[in-house]
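Undergrad: next comes the sequence, and after it the predicted model I'd like to discuss.
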Amino acid sequence: MWMSSRVRRALTRVEYRSVGSGGKKLRRVEIPPPERLVYGLCFSFVALVCLVLLEALHIVFLGSFSNEVFAAITGVIGTISGVFLTSG
């Protein structure tokens, strides 16, 4: 799935570790994120798209703004940005 590979790549940490007895050479080591985190973020992105679509349809068909749906959108955005800001 292309979304999970992009999320996995965005959350992968890169560390440089010394190799050998002198420790002068560095080796690049990639540490992937847990799969539960990747799939949870994919679910959050899908939920965000669905909520935005629901809000747009609510505005178009009912002619009013839904505060409850907007609060849910805000919560999902906060969750997504929290994961990206704290996983560095």
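TA: Sure thing, it's come through. Owing to the predicted nature of the structure, the values given are computational and were not obtained by experimental measurement.

Undergrad: strands along the chain, start to end?
TA: Here the chain has its strands, by DSSP state E, at 13-19, 25-31.

Undergrad: of the ones you listed, which is nearest A47?
TA: Closest to A47 of the strands of the chain, according to CB to CB: strand 13-19, at 25.6 Å. Every residue, glycine included, has its C-beta placed from N, CA and C.

Undergrad: strand partners (parallel or antiparallel) of that closest one?
TA: strand 25-31 (antiparallel) (DSSP bridges).

Undergrad: can you report how many residues neighbour the residue nearest to E15 when sequence neighbours are not counted?
TA: Spatial nearest neighbour of E15, chain neighbours left out: V29 (5.0 Å); criterion: CB to CB, 6 or more residues apart in numbering. For V29, the neighbour count with other CB atoms under 10 Å is 10.

Undergrad: my guess is V29 contacts V19, does it?
TA: No: in this structure V29 lies outside contact range of V19 using CB atoms under 8 Å: 10.1 Å.

Undergrad: pLDDT score assigned to C42?
TA: In this model, C42 is scored at 92, pLDDT.

Undergrad: where's it relative to T86, distance?
TA: Applying CB to CB, to the nearest Å, the value for C42 to T86 is 18 Å.

Undergrad: neighbour count winner among the two?
TA: Taking neighbours as other CB under 10 Å, C42 and T86 compare with C42 leading, 16 against 7.
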